[in-house]
Each structure stands twice: as C-alpha cells, then as structure tokens.
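>>> Build me a model from this:
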Amino acid sequence: MTDIHALAGAYVLDAVDDVERAAFVRHLDACETCALEVAELREAAARLADPTWSVPPPRLRDAVLAEIRRTPQERPGRAGRDGPAARGRWRRRLTAAAAAVALAGGAGAATWMVQEQRVRDAREAAVSARGETERVRAVLAAPDAVVRTGAVPAGGRVTLVASAARDEGVALLDGLTAPAAGRAYQLWLIEGATATSAGVLPAGQGAGTVLVGGVRGKGLFGVTEEPAGGSAQPTMTPLVALVLT
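As a prediction, this is how the structure comes out:
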C-alpha cells in the first residue's frame with residue numbers, strides 16, 4: 001500500500017484518485033508535517049502563476065528589432081523623386097517586414113499564450129480543489145454530522161456523512177463492481193416520490209468520493225447504475241438506500 005505521507009505532492013497537483021484523496025484529507029487533520037508540506041507546495045505552485053508572466057515574451061521584441069535591421073530603409077526625399085513606383089516598393093517592403101515579424105514572433109507568442117492558459121487553468125483548478133477539500137473537511141467535522149452506511153448486494157459499500165446544518169454530505173463508494181461499458185453509478189437524494197441527482201461517477205468506475213449538496217430534509221440517499229453521464233430520473237430500484245432522517 002502507498003505510504004500516505006508520500007501523497008502530499010500528488011494531492012496538491014490533484015493527481016490522486018477519489019479514494020486516495022478522501023484518505024489523505026482525513027490524514028491531514030492528524031499530521032502537522034503533511035499539512036505543512038501541502039501548504040509549502042501550494043505556495044510554490046502559486047509562484048508559478050506570478051503576474052510577470054503576463055508581459056510579452058522578450059523573444060518577440062528581439063525578433064522585431066532584428067527584422068528592422070534587416071529591412072533596407074529609404075533615404076529622406078527619395079520616395080518623392082522616384083514617384084509612385086518607389087512608394088509601391090516601400091509599401092511592399094513594409095508588408096514583407098511585418099509578415100516576417102509575425103512569423104518570427106508567432107511561435108514565441110503562441111507558446112506564451114499556451115503557458116498563460118495553463119497557468120490560469122492550474123490556478124482555477126487549485127482554487128476549486130482547495131474549496132472542495134475545505135467543504136469536505138467541514139462536513140466531516142460538523143457537530144451534527146451523521147454517518148450512514150450500507151452494503152451493495154453485488155459487493156462493496158456506500159457510506160454517506162451528512163450535515164443538515166451545512167446542507168451537505170460526503171458520499172464514499174468503495175469496492176463496488178465496475179459497471180459495464182457505457183454505464184456509470186449515479187447518486188440520488190430522494191424525498192417521497194421525488195429523486196434528485198446528487199452526482200455521477202465516471203463511466204466504468206466502482207469507487208469514488210463525491211461532495212453532495214442539498215441533503216437537508218431528504219429522506220433517502222440512493223445509488224443506481226445508469227447510462228454514462230447519468231439519467232434525469234432513476235431507471236432502476238436503488239442498489240442501496242440509506243435513511244437520512
């Protein structure tokens with residue numbers, strides 16, 4: 001089994017699966033060393049997104065200046081004496097210079113734009129992951145949290161930790177038989193005859209951790225197997241149904 005202390009780097013980069021993430025989140029509450037390491041790694045990742053990346057790449061300026069030096073310049077008054085033909089040649093040279101500059105700077109500018117987008121994506125993913133992790137930890141630590149668990153007949157267990165005060169829950173699916181190709185496990189909050197989707201696992205996946213919203217006042221939490229991407233309403237009797245109230 002992987003040493004849980006070694007998951008800090010992968011956790012910060014969101015390179016862990018759902019089960020590892022849930023286990024590591026619980027571990028962070030009791031391990032000051034890992035908590036400090038995670039904080040330091042997040043700080044290092046934030047530095048990669050430094051605002052100075054937003055300036056144009058130096059290669060673009062160098063390419064412009066180099067092209068200017070290579071382009072012959074007309075002496076003052078020459079265009080006027082030579083007439084329209086000379087002016088036409090000057091315009092063509094300017095056009096060629098501009099095209100060359102665009103080609104020379106294009107690769108650098110494109111690389112810079114890709115880097116900028118990657119930084120923005122990484123920053124947004126880090127913020128989203130941090131926010132979700134904090135919400136999961138808050139649910140697990142909520143004074144009114146209740147734990148419901150049940151076995152799935154074909155194997156595996158489903159556990160839900162729910163906090164009515166926060167109106168959120170954390171669902172853990174562990175060891176369920178992987179669904180058939182093109183199928184996925186879908187989570188439901190059920191009140192009477194009304195079922196509301198609470199999330200869908202990736203197709204073919206039999207384990208995962210899902211943050212569930214809107215648990216307050218719901219009677220049951222259930223899991224069904226549905227077409228990949230989920231259904232508007234359950235198409236089968238839940239494989240497991242946990243009583244919430």
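
>>> For the rest of this, base every contact and every neighbour count on C-alpha atoms.
Noted.

>>> what residues are up against Pro227?
The neighbourhood of Pro227, defined by Cα atoms under 8 Å, 6 or more residues apart in numbering, consists of 182-184.

>>> Among the residues you listed, which one sits closest to Val240?
Of all these, Val240 sits closest to Ala184, with 14.8 Å by Cα to Cα.

>>> follow-up on the earlier one: got the contacts of Pro227 as a markdown table, with pLDDT columns?
Formatted as a markdown table, these follow (pLDDT from 0 to 100):
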| residue | pLDDT |
| --- | --- |
| Gly182 | 93 |
| Arg183 | 95 |
| Ala184 | 96 |
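
>>> Where does pLDDT dip in this protein?
1-2, 13-15, 43-130 (pLDDT under 70).

>>> quick one, domains of it?
Domain assignment for the chain by automatic domain parsing gives 52-120, 146-243.

>>> Straight-line length of the longest one, end to end?
The reference is to domain 146-243. 11 Å (Cα to Cα, to the nearest Å).

>>> you'd agree Ala10 is in a helix?
Yes: counting by DSSP: H, G, I helix; E, B strand; the rest coil, Ala10 falls inside a helix.

>>> Count the neighbours of the residue nearest to it when sequence neighbours are not counted for me.
Among residues not flanking Ala10 along the chain, Val16 sits closest, at 5.9 Å (Cα to Cα, 6 or more residues apart in numbering). For Val16, the tally of surrounding residues (other Cα atoms under 10 Å) stands at 16.

>>> residues contacting Ala171?
158-161, 209-212.

>>> Show me those that map onto strands.
The strands, defined by DSSP state E, take in 158-161, 209-212 from these.

>>> thinking again about what came up before, top of the contacts of Pro227 by neighbour count?
Going by other Cα under 10 Å, Ala184 tops those with 24 neighbours.

>>> ok, which stretches of this structure are strands?
So, for the chain - with DSSP E - the strands run 146-151, 157-163, 168-174, 183-191, 194-200, 208-213, 220-227, 240-243.

>>> if we can go back for a sec, using JSON lines, lay out the contacts of Pro227 together with distance to Leu242.
Shown next, in JSON lines, are the contacts of Pro227 (distance: Cα to Cα, whole Å):
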{"residue": "Gly182", "distance to Leu242": "26"}
{"residue": "Arg183", "distance to Leu242": "22"}
{"residue": "Ala184", "distance to Leu242": "19"}
